[in-house]
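Q: the following comprises the amino acid sequence and a computationally predicted model.
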Amino acid sequence: MEKSAVLEMRGICKYFPGVRALENVDFTLREGEIHALMGENGAGKSTLIKVLTGVYPKDGGNIHLKGKESEVNIRSPQDAQNMGISTVYQEITLCPNLTVAENMYIGRTKSPLTNWKKINSDAEKLLQSLGIPAKAKQQLSSCSIAVQQMVAIARAVDMECKVLILDEPTSSLDEQEVEKLFKLMRDLREKGVGIIFVTHFLEQVYEVCDRITVLREGKLVGEYIIEDLPRVQLVSKMLGKEFDDMAEIKSESDTENIDYNGTPVYEATGLAGTTGIKPFDFSIHKGEVNGFTGLLGSGRSECVRAIFGADRVTGGIVKINGKKVNINKPLDAMKNGISYLPEDRKRDGIVGDLSVRDNIILALQVMKGFFRPFSRAQAEKFADEYIKLLNIKTASADTPIKSLSGGNQQKVILARWLLANPVYLILDEPTRGIDIGTKVEIQKLVLKLASEGKSVTFISSELDEMIRTCSRLVVMRDGKVVGELKGDDLNQNKIMATIAGGEGK
């Protein structure tokens, strides 16, 4: 056992039918370190974590934990927990209707009589010691997502975890919440806890981590001290090829051919909904890629949901190619050639238990009517075409979509809407939580669609991605449009100044 190592995984192998998910992967976690596990979607990160936590049995290799003389056999998540391995997932797995203390101790009291006074007191002490801004008797649902993440971590820490796995914990947090979480992670590092940090945010890795392990296509690329691996080299190792910073990606789009004086493909005047956004005007032209930008909670997603009829519309005039139409529900939008990839793919996008094929044909089937189903041959033709076109990594079209990596799930939803052949495609956070290589593929696809005459509204939390992809940006703040930028004004400084300054002046 390597000195100071709290966990060693050696030669880990895992196979699924037709897929070699892990092949002779090594991973070492030391006491008191934050260790990033990096790789593209499908690289094997989730599989390695699931082997470590007993969700999957390993098909080869061995696992050693500090304090155990021989290798350990982790047969279930309960086994992992008993051995001091705890996981906090991106989706909160606590009970929002219970108090903070109840969530911290649920399932852990062995006595038939529960001493609530002691539980609340112990919870309060632990919350204070970890600097978590919550009260023991406070209902969990009243806490922010970030605090709920911290409560889940506190529960793990109180169970004397030696290995803490944080799986995409920052995806739904704003900058202030991320900083609070990082402070807690650093405090736990000082207490000797080994933390495995799984994330797609490169800047966060370099802000908080000590080491990086990179996987690619189920194999170990290497383990690196953070100071010895510049970002461009990390990206190169994740992709397996030299990679520029994507600065030239936009050159593929010919924005000079967009006729901004012509009739817009879609035009809204005074559009308003029930989600708190102020009435806004918006238009998009043939072959244009534009976007909504703004801070978290600015109303950008609410605007596109109103455009698609996903939220109830209370006012406004909408025209498609100059002709007035009524869009009160998503089916109205779909029949008018509008498609929408939602921000939350797990909640609003995929149908987890359905196959990749069924997810791809879903939108087209809805428009056709469920009483007129596609033949098996038609469905297979559609699925095979788009699996190949978008390079979707799946064992087969029959595979349940929930078994795919996040990036491949996103590609399936894209395939669904492309199959519907829209004239106007809305993509809300299409690259969130997916690897850099897939991000580039999606950005290039967006620009290709625009070059073919489709109109695309693109939303991303990453300003540089918006600037690379869009030719015009609508800037939001507090549910209100506060500016519109294009041309030379389309830069990060101008966007931030517009957000901060109000009306973009």
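A: Ah, there it is.
Q: mind picking out the helix or strand in the chain with the poorest mean pLDDT?
A: Every helix and strand in the chain was compared by mean pLDDT, DSSP states H and E; the lowest is helix 231-239, with a mean of 77.
Q: so where's the stretch 251-400 of the chain uncertain?
A: When residues are selected by pLDDT under 70, those of the stretch 251-400 of the chain lie in 251-257, 295-297.
Q: which parts of it are helices?
A: Assigned by DSSP state H, counting those that start in this stretch, the stretch 251-400 of the chain shows helices spanning 300-308, 330-335, 356-368, 376-389.
Q: and those as CSV, adding mean neighbour count?
A: All C-beta atoms are positioned from the backbone trio N, CA, C, and that covers glycine. Below are the helices of the stretch 251-400 of the chain laid out as CSV (neighbours: other Cβ atoms under 10 Å):
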stretch, mean neighbour count
helix 300-308, 25
helix 330-335, 17
helix 356-368, 20
helix 376-389, 15
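Q: I'd like those as CSV, with distance to Leu166 appended.
A: CSV is the format used below for those (distance: least, Cβ to Cβ, whole Å):
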stretch, distance to Leu166
helix 300-308, 25
helix 330-335, 35
helix 356-368, 29
helix 376-389, 32
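Q: wait, which of the ones you listed is closest to Lys50?
A: helix 356-368 (20.5 Å; Cβ to Cβ).
Q: next, the angle helix 376-389 makes with that closest one.
A: Relative orientation of helix 356-368 and helix 376-389, computed by axes from the mean of the first three to the mean of the last three Cα atoms, to 10 degrees: 120 degrees.
Q: against which helices or strands is helix 356-368 packed?
A: Other elements packing on helix 356-368 under the criterion 3 or more Cβ pairs under 8 Å, 6 or more residues apart in numbering; DSSP states H and E are helix 330-335, helix 376-389, helix 406-419.
Q: got JSON lines for those, with distance to Pro342 too?
A: Output for the helices and strands packed on helix 356-368, formatted as JSON lines (distance: least, Cβ to Cβ, whole Å):
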{"stretch": "helix 330-335", "distance to Pro342": "10"}
{"stretch": "helix 376-389", "distance to Pro342": "19"}
{"stretch": "helix 406-419", "distance to Pro342": "8"}
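Q: to Asp428, which of the ones you listed lies closest?
A: Nearest to Asp428 among the helices and strands packed on helix 356-368 is helix 406-419 (10.9 Å), distances taken as Cβ to Cβ.
Q: packing partners for that closest one?
A: Partner elements for helix 406-419 (3+ Cβ pairs under 8 Å, 6+ apart): strand 338-341, helix 356-368, helix 376-389, strand 424-428, helix 436-451.
Q: I'd like to know which elements the shortest one is packed against.
A: Okay, so that is strand 338-341. Strand 338-341 packs on helix 300-308, helix 406-419, strand 424-428, going by 3+ Cβ pairs under 8 Å, 6+ apart.
Q: to Ile338, which of these lies closest?
A: Comparing those by Cβ to Cβ, strand 424-428 comes nearest, at 4.8 Å.
Q: tell me the angle of the closest one relative to helix 300-308?
A: Angle of strand 424-428 versus helix 300-308, following the same axes, to 10 degrees, is 150 degrees.
Q: hmm, back to that, right, and the helices of the stretch 251-400 of the chain - which one's nearest Val72?
A: If you check each of the helices of the stretch 251-400 of the chain against Val72 by Cβ to Cβ, helix 356-368 wins as the nearest, at 35.6 Å.
Q: who's in contact with the closest one?
A: 331, 334-335, 339, 350-351, 354, 373-374, 379-380, 382-383, 386-387, 392, 394, 396-401, 404, 412-413, 415-417, 419-420 (Cβ atoms under 8 Å, 6 or more residues apart in numbering).
Q: show the buried residues in those.
A: 334, 339, 350, 379, 382-383, 386-387, 392, 394, 397, 399-401, 404, 412-413, 415-417, 419-420 (16 or more other Cβ atoms under 10 Å).
Q: hmm, back to that, and the helices and strands packed on helix 356-368: which comes nearest Gly479?
A: The nearest among the helices and strands packed on helix 356-368, by Cβ to Cβ, is helix 330-335 at 21.2 Å.
Q: distance check, Gly322 against Glu267.
A: 8 Å (Cβ to Cβ, to the nearest Å).
Q: what segments of the stretch 151-300 of the chain are strands?
A: In the stretch 151-300 of the chain, the strands defined using DSSP state E, counting those that start in this stretch lie at 163-167, 194-198, 211-216, 219-225, 266-273, 280-284, 289-293.
Q: can you redo the ones you listed as TSV with distance to Met238 and mean neighbour count?
A: Formatted as TSV, the strands of the stretch 151-300 of the chain follow (distance: least, Cβ to Cβ, whole Å; neighbours: other Cβ atoms under 10 Å):
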stretch	distance to Met238	mean neighbour count
strand 163-167	18	23
strand 194-198	13	24
strand 211-216	6	22
strand 219-225	8	15
strand 266-273	37	19
strand 280-284	34	20
strand 289-293	26	25
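Q: need those in CSV with distance to Leu127, can you?
A: Below are the strands of the stretch 151-300 of the chain laid out as CSV (distance: least, Cβ to Cβ, whole Å):
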stretch, distance to Leu127
strand 163-167, 17
strand 194-198, 19
strand 211-216, 29
strand 219-225, 34
strand 266-273, 38
strand 280-284, 42
strand 289-293, 36
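Q: residues near Lys183, how many?
A: Look at Lys183: counted by other Cβ atoms under 10 Å, it has 14 neighbours.
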